[in-house]
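> My questions are about this predicted structure, shown below with the sequence.
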Amino acid sequence: MRNALAPIRPAALEAPGWYFGDGDLAMPVGQLLKWDLTILNQSLLTPASYKEMETPFILKDDKDSHYGLGVEVLTRSGRHIIEHSGEVGGFVAENILFPDDHAAIAVLTNQEASEAASEIAEQITPLILPSEPAATNPDAFTPLLRTILSGLQKGLIDRSLFTPDCNDYFNQQALDDYQSSLSPLGTITSVTPGRSSLRGGMTFGVYHVVFSGGTTVVVTAYIKPDGKIEQLLVVGKD
C-alpha cells in the first residue's frame, strides 16, 4: 500500500475472521475467467437462477439499485454489463462480463487502494469491443475535492468533512506522506470526474487530477448520504 505518492509500504492484513463471507471467490486469474465462462454459458445453475442473480433490485422509490445477487448490473453505451471488483489487504481485483458479446475481462493487481485493475480493464475493453465514451459531466464533489487536495499538500485537513473511519486513516503518518508527495507537484490545474456508482449505501467516484508540474493522479472517494467522506485515496498513475 502507499499513502498518496509516498513510498510503497507493507499492507496491514485483515484480522482473523474478517474474510468470512468476503473471500468466497479467491483464485488465480485463469480460474476466475473459467468462473466467468460458467456464467456466460450458464453451465452450472439453471437459467432461472442466473436470471435472478442478474436482475437488479428495485428500491422503494422505484430507482434501480444496479445490484443483483452479489453482482453489479449496469448498462453502458447500450451494452449489458455484469461487474464486481474486489479488495483485501494488498490486493485489488476487477471482473467484468459482457453477456451479449460473450466476453469477459479479469484483472488482478497487488497493491491495495489502487485503480490499476479498473484502468487496465478499461484499456483492454476497446481491444475486444467498441470503445465507450468517457464521462465528462461535473459533479458537486469536484470543487470540494480540489480544496481538500490543496489542504493535504500543506498537511492540513478539515476533519469535519470526514467520517470517524476516514479521520482514523488520516493519521500523522498519512498526512506527512500526502504532504511530502503531493506538495512538489505544484498547483492543481484540473479535476475531472470519471466513473461513479452506488455501493454499500454510498456514492463511489473516481477523479483524475492534473497538477501544474504535469503529474496526473487518480482519486477515489466514497461519500455517505449525509455528505461525509468515508474514504478518500490518492493513487499514482504509474
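Nice, I can see it. Numbers count the residues shown, from 1 in each chain.
> separation between Gln123 and Leu13?
30 Å (CB to CB, to the nearest Å). Where C-beta positions appear, they are placed from N, C-alpha and C, glycine not excepted.
> go on, Thr109?
Thr109 is 17 Å from Leu13, by CB to CB.
> The two: which has the busier surroundings?
Thr109 (18 against 11; other CB atoms under 10 Å).
> Is it correct that that one is in contact with Ala116?
Yes: Thr109 lies in contact with Ala116 (CB atoms under 8 Å); the separation is 4.7 Å.
> now the helices for the protein?
Ranges of helices within the chain are 29-41, 47-53, 116-128, 141-152, 164-169, 172-182, based on DSSP state H.
> ok, whichever strand in the chain runs longest: who's next to it in the sheet?
Of all segments of type strand in the chain, defined using DSSP state E, the longest is strand 188-199. Sheet partners assigned to strand 188-199 using DSSP bridges are listed as strand 202-211 (antiparallel).
> Touching the strand it pairs with from outside, list them.
115, 118, 139, 141-142, 145-146, 149, 185-198, 216-225, 230, 234 (CB atoms under 8 Å, 6 or more residues apart in numbering).
> repeat that with 7 Å
Residues outside strand 202-211 that contact it (CB atoms under 7 Å, 6 or more residues apart in numbering): 115, 141-142, 145, 149, 185-197, 216-224, 230.
> Now, of the residues you listed, which are buried?
115, 141-142, 145, 149, 185, 188, 191, 193-194, 196, 217-223, 230 (16 or more other CB atoms under 10 Å).
> domains in this protein, as residue ranges please.
Under the assignment automatic domain parsing, the domains of the chain span 29-128, 141-236.
> Mind checking those domains for the one nearest to Pro7?
Pro7 lies closest to domain 141-236 among the domains of the chain, at 8.1 Å (CB to CB).
> For stretch 167-178, list every residue counted as buried.
Neighbour counts over stretch 167-178 (16+ other CB under 10 Å) mark 169-170, 174-175, 177-178 as buried.
> In CSV: those, plus pLDDT.
Formatted as CSV, these follow (pLDDT from 0 to 100):
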residue, pLDDT
Tyr169, 95
Phe170, 96
Ala174, 94
Leu175, 96
Asp177, 95
Tyr178, 95
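> so where's this protein uncertain?
Residues of the chain meeting the criterion pLDDT under 70: 21-24, 130-138, 237-238.
> switch the cut-off to 50
Applying pLDDT under 50 to the chain picks out residues 133-136.
> didn't Gly236 look like it was pressed against Val217?
Yes: with contact defined as CB atoms under 7 Å, Gly236 and Val217 form a contacting pair (6.0 Å).
> measure the residue with the largest distance to the centre of the chain to Glu52 for me?
Largest separation from the mean C-alpha position in the chain: Thr46, at 31.1 Å (CA atoms, centre = their mean). In this view, Thr46 and Glu52 are 9 Å apart by CB to CB.
> Check Thr163 too.
34 Å.
> Quick check: buried residues in stretch 225-236?
Neighbour-count burial for stretch 225-236 flags 228-236 (criterion: 16+ other CB under 10 Å).
> can you check stretch 78-87 too?
For stretch 78-87, by 16+ other CB under 10 Å, it's 81-86.
> Tell me which residues are up against it.
With contact meaning CB under 7 Å, 6+ apart, stretch 78-87 is reached by 54, 71-75, 92-100, 112, 117-118.
> Looking at the residues you listed, which are in strands?
Among these, the members falling in strands are 72-75, 92-98 (criterion: DSSP E).
> just those residues now: which is nearest Leu37?
Using CB to CB, Leu97 comes nearest to Leu37 of these, at 9.4 Å.
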